[in-house]
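Engineer: One predicted model, sequence on top.
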Number of protein chains: 2
Amino acid sequence: MRDFSGGHEWLSINTATIRKQSGAEVPLDRIIDQCAERGIRAISPWRDQVAGVGLDKVAAQLKALDIRLSGYCRGGFYPAADAAGLKTALDDNYRAIDEAKTLDAPCLVLVVGSLPGALQGKAAYTDIGRARGEVRDGIAASLEYARKVGMPLAIEPLHPMQAAERACINTLEQALDLCDELDAARSGMLGVALDIYHVWWDPKLQQQIERAGHERLLAYHVCDWLTPTRDLLNDRGMMGDGVVELKKIRGWVEAAGYAGFSEVEIFSTQDWWQRSGDETLDVCIERHRSAV
Amino acid sequence: MRDFSGGHEWLSINTATIRKQSGAEVPLDRIIDQCAERGIRAISPWRDQVAGVGLDKVAAQLKALDIRLSGYCRGGFYPAADAAGLKTALDDNYRAIDEAKTLDAPCLVLVVGSLPGALQGKAAYTDIGRARGEVRDGIAASLEYARKVGMPLAIEPLHPMQAAERACINTLEQALDLCDELDAARSGMLGVALDIYHVWWDPKLQQQIERAGHERLLAYHVCDWLTPTRDLLNDRGMMGDGVVELKKIRGWVEAAGYAGFSEVEIFSTQDWWQRSGDETLDVCIERHRSAV
């Protein structure tokens, strides 16, 4: 297992972590500069943040500063109430794949979606099995396009508490089953983004990480699980402030062959998004050394 | 599959559902009377509610009104920071088994516990594997006692969002693996309490319900999953108000041989606990007919 205590060479910042600073939205170009100032070598930006600055401008800034991506957030949200909605979702995923290629991302992260409309408070249907079928078909179509472009797709299993609104793929085992179905050859073009926040509780976690192996482990996200957790989406903790055994899990991931970045992704309405981005980044660097 | 539309013969009320009425705590003897007034044939009370009235008094009231139990809430919370804590937990579970016997419950429901201290905001340790081992040992010891008394134990897998504080058994598969380990003979003395709130999202739910079979399905709890869910513990929905496919899941459970009560268990700080208990019970009866 790599020793992170001496530096932050393998730290990546998911830009959602500092998208709000002192309570206000901050544009991506400023966030990238803040990372560059600290010698952070990689980020994972969100599509809306990239669009806010401009795709080509972001690509040029990253190149000039020698900052790479650890992933691109995000494709997915495949299920829809009707055929037109399914097609719209597919088209949007093709665009996301193209953007990821322009930014030279190692993978496009997929938050696959679930019951259409549930995120807005009213599900168009409640058959989660149907949603899972639409996700399967959507990933299959995206994968065909992604293979042509040369952009790996990373399915992110989301915590079961987000199963209604955001993702109907909720365990690593389920994600890997789908990978095996759609990419039996383990081509490297389909795998998972493993975010410890979503999977830390899983009694089969170690077993399924071993099963995944390096061909399927395309991204690794860290934060921490707080007790109590006050919100189902935006109360993630800084590494070391919660109950997740981060070093143990990274040990499993590295034993399976993962050798990439540890990407910090913290959504935190009440705490970290209220602090200055400079403070948050400094603490990320410190905790990357001590707690990850 | 049984037809519930014509009556509420198979409705049970978990008394937590109306423990608060119009915002105030209501004693169990009053709750039992409210159920009896409506011809509700079964309840599942909590230990603290029983203690508040007195065990023998509750037993006599239930007998006089011909109300039976669908379960007794609850044993469990095995993990502890030290040996003394482990022993205290075991002793408490022996008492819970005795109480369940006095009340002629069909099973004692086990919320098994997890990281000791996490519920109070500070985990004494974070090794969830250790907690799972302590749970295993605790259930094994409880089962030995339960066999003598003749009181089946029902492990309740809890939603992964409660994995840190309340239960480190988080899927039906995990609960059944433990049942098979400790009760390979499927004696009927160890099984599960299946609460749809905790398991509805699980892609292996149907498969594991089939695996459980009638020897392991000791209790069945219903409510609904709301979108959005505003609290990790106390924002459960009334059946029909959320996204859970209740009839489909009951179909699976009954196909596996379950023929007992559908027990309504709703924790709802902001909604149902603010209403009158009479209104809540009437809606439970109506939804039991239409949505369960």
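Structural biologist: Alright, I've got the coordinates. Residues are numbered from 1 along each chain as shown, chains lettered A, B, ... in the order given.
Engineer: all contacts plus neighbour counts: C-alpha atoms, from now on.
Structural biologist: Fine.
Engineer: For the stretch 151-292 of chain A, which residues are neighbours of chain B?
Structural biologist: Selection of the stretch 151-292 of chain A residues close to chain B by CA under 8 Å from any CA of the partner chain yields A:159-161, A:163-165, A:168, A:170, A:174, A:201-203, A:227-232, A:243-245.
Engineer: Buried only: go through the residues you listed for me.
Structural biologist: A:159-161, A:163-165, A:168, A:170, A:174, A:201-203, A:227-229, A:232, A:243-245 (16 or more other CA atoms under 10 Å in any protein chain shown).
Engineer: in chain A, which spans are helices?
Structural biologist: A:28-37, A:47-53, A:55-65, A:83-102, A:128-149, A:172-182, A:196-199, A:205-216, A:246-255, A:277-290 (DSSP state H).
Engineer: The ones you listed: which one's closest to residue B:68?
Structural biologist: With CA to CA, the closest approach to residue B:68 among the helices of chain A belongs to helix A:128-149: 35.0 Å.
Engineer: Which other helices and strands does that closest one contact?
Structural biologist: Helices and strands touching helix A:128-149, by 3 or more CA pairs under 8 Å, 6 or more residues apart in numbering or on different chains; DSSP states H and E, are helix A:83-102.
Engineer: so what does the helix it packs on touch, helix or strand wise?
Structural biologist: Using 3+ CA pairs under 8 Å, 6+ apart, helix A:83-102 sits against helix A:55-65, strand A:72-76, strand A:108-111, helix A:128-149.
Engineer: ok, now with 6 Å
Structural biologist: Helices and strands in packing contact with helix A:83-102 are not found; criterion 3 or more CA pairs under 6 Å, 6 or more residues apart in numbering or on different chains; DSSP states H and E.
Engineer: what's it in contact with?
Structural biologist: Helix A:83-102 is contacted by residues A:75, A:78, A:80 when judged by CA atoms under 6 Å, 6 or more residues apart in numbering or on different chains.
Engineer: now those in JSON lines, with pLDDT, distance to residue B:96 and neighbour count?
Structural biologist: Below are these laid out as JSON lines (pLDDT from 0 to 100; distance: CA to CA, whole Å; neighbours: other CA atoms under 10 Å in any protein chain shown):
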{"residue": "A:75", "pLDDT": "98", "distance to residue B:96": "50", "neighbour count": "28"}
{"residue": "A:78", "pLDDT": "98", "distance to residue B:96": "48", "neighbour count": "30"}
{"residue": "A:80", "pLDDT": "98", "distance to residue B:96": "48", "neighbour count": "23"}
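Engineer: Turn those into CSV, columns for distance to residue A:215.
Structural biologist: Formatted as CSV, the contacts of helix A:83-102 follow (distance: CA to CA, whole Å):
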residue, distance to residue A:215
A:75, 20
A:78, 24
A:80, 30
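Engineer: nearest to chain B, of those residues?
Structural biologist: Distance to chain B across those (CA to the nearest CA) is lowest for residue A:80, with 15.5 Å.
Engineer: So what does that closest one look like in phi/psi?
Structural biologist: phi -150, psi 160 (degrees, to the nearest 10).
Engineer: from what I can see it touches residue A:115, true?
Structural biologist: No. With contact defined as CA atoms under 6 Å, residue A:80 does not reach residue A:115; the gap is 7.7 Å.
Engineer: What does the pLDDT read for the residue nearest to residue A:228 when sequence neighbours are not counted?
Structural biologist: Leaving aside its chain neighbours, residue A:228 sits nearest to residue B:121 (6.1 Å; criterion: CA to CA, 6 or more residues apart in numbering or on different chains). On pLDDT, residue B:121 comes in at 91.
Engineer: shaky segments in the stretch 51-200 of chain A?
Structural biologist: The stretch 51-200 of chain A contains no residues with pLDDT under 70.
Engineer: Can you pull the residues of the stretch 1-150 of chain A lying near chain B?
Structural biologist: Taking CA under 6 Å from any CA of the partner chain as the criterion, the stretch 1-150 of chain A approaches chain B at residues A:121, A:126.
Engineer: contacts for stretch A:221-236?
Structural biologist: A:195-196, A:237-239, A:242-244, A:262-264, A:266-269, B:121.
Engineer: what's the answer for stretch A:52-60, then?
Structural biologist: Here stretch A:52-60 has contacts from residue A:103, using CA under 6 Å, 6+ apart.
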